[in-house]
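Undergrad: My questions concern the predicted model and sequence given below.
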Amino acid sequence: MEHSDIFDPQSTVSTQYWHEVSPENPENKAQKRLQCDLCPRFCVLKPGQRGFCYVRANDGEQIVLTTYGRSSGFCIDPIEKKPLNHFFPGTPILSFGTAGCNLGCKFCQNWDISKSRAMDKLMSFASPEKIAVSAAQNHCLSVAYTYNDPVIFHEYAQDVAYACKEHNIKSVAVTAGYICDKPREEFFSVMDAANIDLKAFTEHFYKKQTGSHLQTVLETLEYLYHHTDVWFEITTLLIPGLNDSEEEIEAMTQWGITHLGPEVPWHFTAFHPDYKLHKLPHTSLQTLLRARNIAKKNGFYYVYTGNVHDKKSSSTLCHQCGSLLIGRDWYELSEWHLTSSGNCLSCGAKCHGQVAGKAGTWGSKRKTIVL
């Protein structure tokens, strides 16, 4: 089968992280099996076969990315939607994703994109330079690689990030952090900020509900904190009966305060029934507030609730004196009590992150754009 019959040449590029494995039948040279080394799934692919993520494939000679330059669409969102509360609050961020995912989350809330096996879901084609220029023209300070996990479109994300740097645009990865050591280092070397989805704190949950493993995600978090300057925040979607027990939140946040640091913001967000877990109930505000209290008790400075309207637990407080620094309800900012250098007006303590200057005024608007 010809390469052009399998994959669209316009959106196919070679990749770096793979190696050839011994064929099942050494005499059959047509069975050139290649192992993808991007993530710990280590998919072994025959010619023409796609990996679990569906976008990385064996074209007969090498592993290729089949969705380079193709997106499921572009929107301008509030940066708080990523969620990032300490990275240029109140500003607009140009957001895009592709298709596919290297996790199999039964609760995926973007399943129509991340679980897509129909390439016609990818409506837009845009070069890295075009994305960077569009972000600048729309007065966005940053670009988010989101909707599906950007580690699977590693090469496209990197090239977009390089183009963004040329236009002084920041890059934000919204990811589950399920990636191998070497590509992890390369991927985050071009990112300015990230939101890491720590889905639970048991191997049982990760294996049963996502088809992946917890340890790799913990290693990503430790790598970001101890070996990079990437600003990152953590999100945990609390699912009733699956990962919301007091014992699990206690263990999770104790690990976080020991292996990371108190200044890392943590978002506990509400689950709504979706995809394969559509029969479970919504997460209550009480459950979110309980998790928030546990994390703060264990020493985290900035702990938030998400997917609910609760101004108190959505707002940023000074970790030293408790004064209100940034009033926030959902994606709307109200009060702003910080100096131009990002310090508390009451006691002078630093508010961690990229929060210097004035608050942005984008609010909760969401604007779809065509590139």
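TA: Arrived safely.
Undergrad: pLDDT weak spots in the stretch 251-371 of the chain?
TA: Along the stretch 251-371 of the chain, the parts satisfying pLDDT under 70 run over 274-276.
Undergrad: For it, which segments count as strands?
TA: 266-270, 303-306, 316-317, 324-329, 332-336, 367-369 (DSSP state E, counting those that start in this stretch).
Undergrad: The stretch 51-200 of the chain now?
TA: Using DSSP E, counting those that start in this stretch, the strands of the stretch 51-200 of the chain run over 56-58, 63-65, 70-71, 74-78, 92-96, 124-125, 142-145, 170-175, 193-197.
Undergrad: tell me how far the ends of stretch 132-149 are from each other?
TA: 19 Å (CA to CA, to the nearest Å).
Undergrad: Pull out the buried residues from it.
TA: 132-136, 140-149 (16 or more other CB atoms under 10 Å). (C-beta placed from N, C-alpha, C; glycine too.)
Undergrad: Break this protein down into its domains, please.
TA: 3-65, 71-369 (automatic domain parsing).
Undergrad: most tightly surrounded among the ones you listed?
TA: By mean neighbour count, with neighbours taken as mean count of other CB atoms under 10 Å, domain 71-369 ranks first of these at a mean of 19.
Undergrad: starting at the chain centroid, how far to it?
TA: Mean-position distance between domain 71-369 and its chain equals 6 Å (CA atoms, centre = their mean, to the nearest Å).
Undergrad: how about the helices in this structure?
TA: Assigned by DSSP state H, the helices in the chain fall at 3-6, 111-114, 128-137, 154-166, 181-188, 203-205, 214-227, 246-259, 285-297, 311-314.
Undergrad: tell me what the fifth one is packed against?
TA: Yep, that's helix 181-188 we're talking about. Helix 181-188 sits against helix 154-166, helix 214-227, with contacts defined as 3 or more CB pairs under 8 Å, 6 or more residues apart in numbering; DSSP states H and E.
Undergrad: Could you provide the ones you listed in a markdown table, with additional columns for mean pLDDT and distance to Thr67?
TA: Converted to a markdown table, the helices and strands packed on helix 181-188 look like this (pLDDT from 0 to 100; distance: least, CB to CB, whole Å):
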| stretch | mean pLDDT | distance to Thr67 |
| --- | --- | --- |
| helix 154-166 | 98 | 7 |
| helix 214-227 | 98 | 23 |
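Undergrad: okay, those helices in a markdown table with distance to Arg366 next?
TA: Formatted as a markdown table, the helices and strands packed on helix 181-188 follow (distance: least, CB to CB, whole Å):
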| stretch | distance to Arg366 |
| --- | --- |
| helix 154-166 | 21 |
| helix 214-227 | 28 |
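Undergrad: Specify the stretch among these that is closest to His267.
TA: Minimum separation from His267 across the helices and strands packed on helix 181-188 (CB to CB) falls at helix 214-227, 14.0 Å.
Undergrad: what residues does that closest one touch?
TA: Helix 214-227 is touched from outside by 39-40, 176-181, 184-185, 188, 194, 196-203, 205-206, 230, 232, 234, 255-256, 259-261, 264, with contacts defined as CB atoms under 8 Å, 6 or more residues apart in numbering.
Undergrad: can you rerun that using 7 Å?
TA: If you take CB atoms under 7 Å, 6 or more residues apart in numbering as the criterion, helix 214-227 is touched by 40, 176-179, 184, 188, 194, 196, 198, 202-203, 206, 230, 232, 259-261.
Undergrad: and what of stretch 290-310?
TA: 83, 85-86, 238, 246, 249-250, 253-254, 257, 262-263, 265-270, 285, 288-289, 313-314, 316, 319, 329-330.
Undergrad: make it 6 Å
TA: The contact list for stretch 290-310, computed with CB atoms under 6 Å, 6 or more residues apart in numbering, reads 83, 249-250, 253-254, 257, 262-263, 265-270, 285, 288, 313-314, 319, 330.
Undergrad: on that earlier part again, ranking the strands of the stretch 51-200 of the chain by mean pLDDT, which is last?
TA: Note on these: lowest mean pLDDT is at strand 124-125, with a mean of 80.
Undergrad: Next, find the distance separating Ala99 from Ile152.
TA: Using CB to CB, to the nearest Å, Ala99 is found at 9 Å from Ile152.
Undergrad: ugh, wrong one, I meant Lys32
TA: Lys32 is 22 Å from Ile152, by CB to CB.
Undergrad: so what's Asn138 up against?
TA: Per CB under 6 Å, 6+ apart, neighbours of Asn138: Ile76.
Undergrad: can you rerun that using 7 Å?
TA: Counted by CB under 7 Å, 6+ apart, Asn138 has contacts 76, 92, 94, 369.
Undergrad: Make TSV out of these and add distance to Gln49.
TA: Formatted as TSV, the contacts of Asn138 follow (distance: CB to CB, whole Å):
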residue	distance to Gln49
Ile76	37
Pro92	40
Leu94	34
Ile369	35
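Undergrad: Now for the residues you listed: which two are most distant?
TA: Spanning the widest gap among those are Pro92 and Ile369, at 10.7 Å by CB to CB.
Undergrad: what is in contact with those two at once?
TA: 76, 138.
Undergrad: Scan this protein for its longest strand.
TA: Assignment by DSSP state E gives strand 231-238 as the longest strand of the chain.
Undergrad: pLDDT averaged over that strand, what's the number?
TA: On average, strand 231-238 scores 98.
Undergrad: other SSEs contacting that strand?
TA: strand 193-197, strand 266-270, helix 285-297 (3 or more CB pairs under 7 Å, 6 or more residues apart in numbering; DSSP states H and E).
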